[in-house]
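Asks: Give me a model of this one.
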Amino acid sequence: MEAESKTTQSIALNDYEKKMMRFKGGISACNLFQCDNKEAAIAFIHERFQQIVYANPWLKGSCSKGKKHKIYLNFDSSDTDATPLVFSGHAPSSINENSSYTDIINVCEPHMVEQAFKLYHKKNRLTKLTVLHLDNQRFLLIFSLSHLIADGHTFYQIFNMLSSQNEIYGLNVVRKNEFLQAKDFIPKRHFKFTRSPGLIFWFITKILFSRKKVQVKSFELNQKYVQQQKKQAKEGGVVPFVSTNDILSSTYAQLSDSNAMMMAINFRNRIPALTDKDAGNYEDILVIDKERSSTKEKIRILINDLKNEEPKIKIPKGRAVLKSNPVFITNWAGFSKPVIIDNTHSLMHLPLYTTKQIMYDLCVVYSPRADVVSALLFMKGLDEDKVNSHPLFKKS
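Replies: Coordinates of the predicted model:
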C-alpha cells in the first residue's frame, strides 16, 4: 500500500474542463495507411504507443468527482502497460480515401471515446488506439482521447509522437493556475455569450426540434487564391500579414451569414507560463461578430489583440441569442504533423466527429495529406452551392 501511495497521482482539472467539457465526446482522428508489410507497420505503431504511454502514464488514468464539483484525473505513474488501451478489428475493404464521411464515421465511431460524463470512475476509458484491417496492404489507425482531459493541441502532441520522425516525451499534466489569466485576454462579453442561458436554451431547442440532418463534405483550399489574398493584404498595409486561417474564417462567416462565429483559441504561449508541453484544456472561445468577420484583415487584428473592442463588439445577448446564428470554426491543421512510418504511405488523415451531436454549422480546418489544407464542413444551414461557387475552395 505504501508503494501504491507514492506512485498514485490525483490531478485537479481546471474550471474550464469541469464546466465546459462534461458533455463533450472524445477528440478523435483516423489515418488510412497502405504498405507492403502491414504487420511490421502495425507492430511499429504498437511499440511507439507503448513508449508514449510509458512517458505519459496519465493516458491510462480515470476521472472522478470530488467535493465542491471538482473533477480529478487519477493515475498510477508506475502502471505504464499500454495493452488495455490498444484495440484491433476489421472494416470493409471498400473503405478508402474517397469514401463518404458517413461510411467512415460508421466504421470508426464504435472506437471513439465516449462523452466525458459517462467515464467517471472507469479505468482505461480515456484513451483508445485502434487498428482496423481493411485488406492485405491497408489499415485504418484510429486515435481517440477524452476532451475532458485534453484539447486539440494535447491530442496532436500525443498523436504526432507515433511518427518515427518525432521525439517521444512526457507532457506536464499538472494544471496551471495561470490559465485563469485567460479572462484578461478576452472581453467578458465573449465569456457571457458562450456560457449564457440563452445559448444553452438555443442548443436545447435544436436538440428537441431540429430534424435537419448534418451534411458533411470536405473542400480542399485553393492555394493559388490563398496566396493572392495574402499578397493583397500585405499590399493593402492594414496588417503586416494574414494567415490562411484568417482568410478561411472570414469567408466561412460570410458564407454562413453568422453574427456570432465562435473560434477556439489556444492560450499556450499567449500566457507565458503555458507552454506546448502542458497537457490539458488551455483553450477558450472567441466570439466574432459580423463586423469583425467581414474581412480577413479584421480577423487578423482581433487575433493579434483579443481585447480589441474597436469598433464596438456586437455579439448577441439576452433574447437576441435565441435568434442568433452561431457557427464554430476550429483549426486542427496547425497542430497536426504527418505520421511517418518506414515503407508506409499515409493516404488520408481525417478528424472524426459524431454527427448526431452537432447542433450548428461547424468548420474543421485540417490537413488530409502533407502540404494540403482542407475545410471539413458540417452543414446544418450553410448552402453547399455557395461553398462550391467560392474561389477559396477547389472544385471537386
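
Asks: any idea whether F75 is helix, strand or coil?
Replies: strand (DSSP: H, G, I helix; E, B strand; the rest coil).

Asks: show me what contacts the closest residue to it other than its chain neighbours?
Replies: Excluding its sequence neighbours, the residue lying closest to F75 (C-beta to C-beta, 6 or more residues apart in numbering) is G61, at 3.2 Å. C-beta coordinates here come from the backbone N, C-alpha and C atoms, glycine included. Shown in contact with G61 (C-beta atoms under 8 Å, 6 or more residues apart in numbering): 73-75, 123, 126, 149.

Asks: So, low pLDDT: which residues of the stretch 251-396 of the chain?
Replies: Counting by pLDDT under 70, the stretch 251-396 of the chain has low-confidence residues at 308-311, 396.

Asks: For the stretch 51-200 of the chain, which segments count as strands?
Replies: For the stretch 51-200 of the chain, strands defined by DSSP state E, counting those that start in this stretch occupy the ranges 62-65, 71-76, 86-90, 127-133, 138-146.

Asks: Longest helix in the protein, please.
Replies: Of all the segments of type helix in the chain, defined by DSSP state H, the longest one is helix 38-55.

Asks: buried ones in that helix?
Replies: Judged by neighbour count (16 or more other C-beta atoms under 10 Å), helix 38-55 contains these buried residues: 38, 41-42, 44-46, 48-50, 52-53, 55.

Asks: Closest one to N166 out of those residues, please.
Replies: Of all these, N166 sits closest to R48, with 9.3 Å by C-beta to C-beta.

Asks: Might one say that that closest one is in contact with L162?
Replies: Yes: at 5.1 Å, R48 and L162 qualify as touching, with contact defined as C-beta atoms under 8 Å.

Asks: Would you mind measuring from the residue nearest to F75 to V373?
Replies: Separation of G61 from V373 (C-beta to C-beta, to the nearest Å) stands at 34 Å.

Asks: returning to what we had before: mind checking the pLDDT average for the longest helix of the chain?
Replies: Taken as a whole, helix 38-55 has a mean pLDDT of 98.

Asks: Give me the residues contacting it.
Replies: For helix 38-55, using C-beta under 8 Å, 6+ apart, the contacting residues are 33, 35, 59-60, 80-82, 85-86, 129, 131, 133, 136-139, 141, 158, 161-162, 164, 168-170, 341-344.

Asks: Just the buried residues of the residues you listed.
Replies: By neighbour count, with 16+ other C-beta under 10 Å, the contacts of helix 38-55 hold 33, 35, 59-60, 80, 82, 85-86, 129, 131, 138-139, 141, 158, 161-162, 168, 341, 344 as buried.

Asks: tell me the domain ranges of the chain?
Replies: Following automatic domain parsing, one finds the domains of the chain at 2-162, 178-335+357-389.
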